[in-house]
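>>> how would this look folded up:
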Amino acid sequence: MSGISRIQEKRESRGQGGPSSVPGREVWFKDGDQAFLTALATGEEGDKFLDEVYMYTYNSGSRWVNLLDDPDVDTSDVPANTRSSHKFAFWAYVHEVIHSERRNDDWEAVSGPGGKKMFKETVEDFRIISLTFGRSDYIWNQLVDVYNDWNGLDKGIMRIKRTGTGMFDTSYQIAATARKGEVPEDIMGKSEELPSIKEYFKSRYGGEMNGVAEGAVSLNNTKSDDLF
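Residues are numbered from 1 along each chain as shown. Here you go, the predicted structure:
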């Protein structure tokens, strides 16, 4: 269980470079999506709602497999020369996600910048935000900036936006906002029932069920931009 300081120290010392038994709770961003959220993670030491994970993603037959890179996880089926990606993840109360395209009839049409039509997905529930550190840690450093500005991650509403559709043109923006919003007291009281980040990832991406690696998704139902 690591806070902002511990993960930051490990990054600096490292240098720059180079179907499941647990329901999925992550927010999967697509091009143009932006989520407004209140972090449960504080960023302080001992914070179970923020941690770093390593994940393998590889093609296995007709499926993409996401498998946790962890000493307690059998990774013998991971193809040779496949490197795990280093990610940070945290629990948050997601108020809403604004989409540039309507992919669900329940999403509400709203007016975006310049009058552009966008579509609001009301979430109002706990979700996990999982992102790579980014080239030269640029994504992680944006989260650190929010932590430093607010003296904590849970002091206001953040916006996270994705731009791009593939490995080489996708970028993320994490920023503090001036928006006001509270996590309902009755829902906030249930936050301690949530698993830690490591517990969640180990349960969801740490084994196999019926011979299919947990976290596997059909190639027929997955676009390449879902992987970045």
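
>>> please identify the buried residues of stretch 198-206?
Neighbour-count burial for stretch 198-206 flags 198, 200-202, 204-206 (criterion: 16 or more other Cβ atoms under 10 Å). Using the backbone N, CA and C atoms, a C-beta is placed for each residue, glycine as well.

>>> now do the contacts for Trp107.
Contact analysis of Trp107 by Cβ atoms under 8 Å, 6 or more residues apart in numbering lists 99, 119-121.

>>> can you map out the helices along this protein?
Assigned by DSSP state H, the chain shows helices spanning 4-14, 138-150, 185-188, 197-205.

>>> how far off centre is the shortest one?
So that's helix 185-188. What separates the centre of helix 185-188 from the centre of its chain is 22 Å, taken as Cα atoms, centre = their mean, to the nearest Å.

>>> contact partners for the closest residue to Tyr172 other than its chain neighbours?
Leaving aside its sequence neighbours, Tyr172 sits nearest to Ile139 (Cβ to Cβ, 6 or more residues apart in numbering; 5.0 Å). By Cβ under 8 Å, 6+ apart, Ile139 lies in contact with 131-133, 172, 174.

>>> who does the residue most central in space within the chain bridge with?
The chain has Ser130 as the residue nearest its centroid, 1.8 Å off, counting by Cα atoms, centre = their mean. The bridge-partner assignment for Ser130, based on DSSP bridges, gives Ala89.

>>> I figured it hits Lys87, correct?
Yes. Using Cβ atoms under 8 Å, Ser130 makes contact with Lys87 at a distance of 5.4 Å.

>>> list the buried residues for stretch 60-70?
Applying 16+ other Cβ under 10 Å to stretch 60-70 flags 63-70 as buried.

>>> want to throw those residues into TSV with distance to Lys190 and pLDDT?
Below are those laid out as TSV (distance: Cβ to Cβ, whole Å; pLDDT from 0 to 100):
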residue	distance to Lys190	pLDDT
Arg63	33	86
Trp64	32	90
Val65	31	92
Asn66	26	93
Leu67	29	96
Leu68	25	97
Asp69	30	97
Asp70	27	96
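
>>> out of the residues you listed, who's nearest Met158?
Asn66 (24.6 Å; Cβ to Cβ).

>>> do I have it right that the closest one meets Tyr56?
Yes. The pair Asn66 / Tyr56 is scored as a contact, 7.2 Å apart, by Cβ under 8 Å.

>>> need the pLDDT of Leu50.
On the pLDDT scale, Leu50 is placed at 98.

>>> neighbours of the residue lying closest to it once chain neighbours are set aside, just the number please.
Excluding the flanking residues, the one nearest Leu50 by Cβ to Cβ, 6+ apart is Ala41, at 3.7 Å. Ala41 has 24 neighbours, counted by other Cβ atoms under 10 Å.

>>> now Ala41: how far from Pro71?
24 Å (Cβ to Cβ, to the nearest Å).

>>> with Thr177 instead?
39 Å.

>>> more neighbours: the two, which one.
A direct count of neighbours by other Cβ under 10 Å for Thr177 and Pro71 places Thr177 higher, at 13 against 5.

>>> tell me which residues touch the more buried one, please.
By Cβ under 8 Å, 6+ apart, the neighbours of Thr177 are 36, 156-159.

>>> the strands in this protein, which residues?
Per DSSP state E, the chain carries strands over the ranges 34-39, 50-60, 63-68, 85-99, 108-111, 117-132, 158-163, 171-176, 208-209, 212-213, 217-218.

>>> report the strands that pair with the second one, each with its relative direction.
The reference is to strand 50-60. Strand 50-60 is paired, per DSSP bridges, with strand 63-68 (antiparallel), strand 85-99 (antiparallel).
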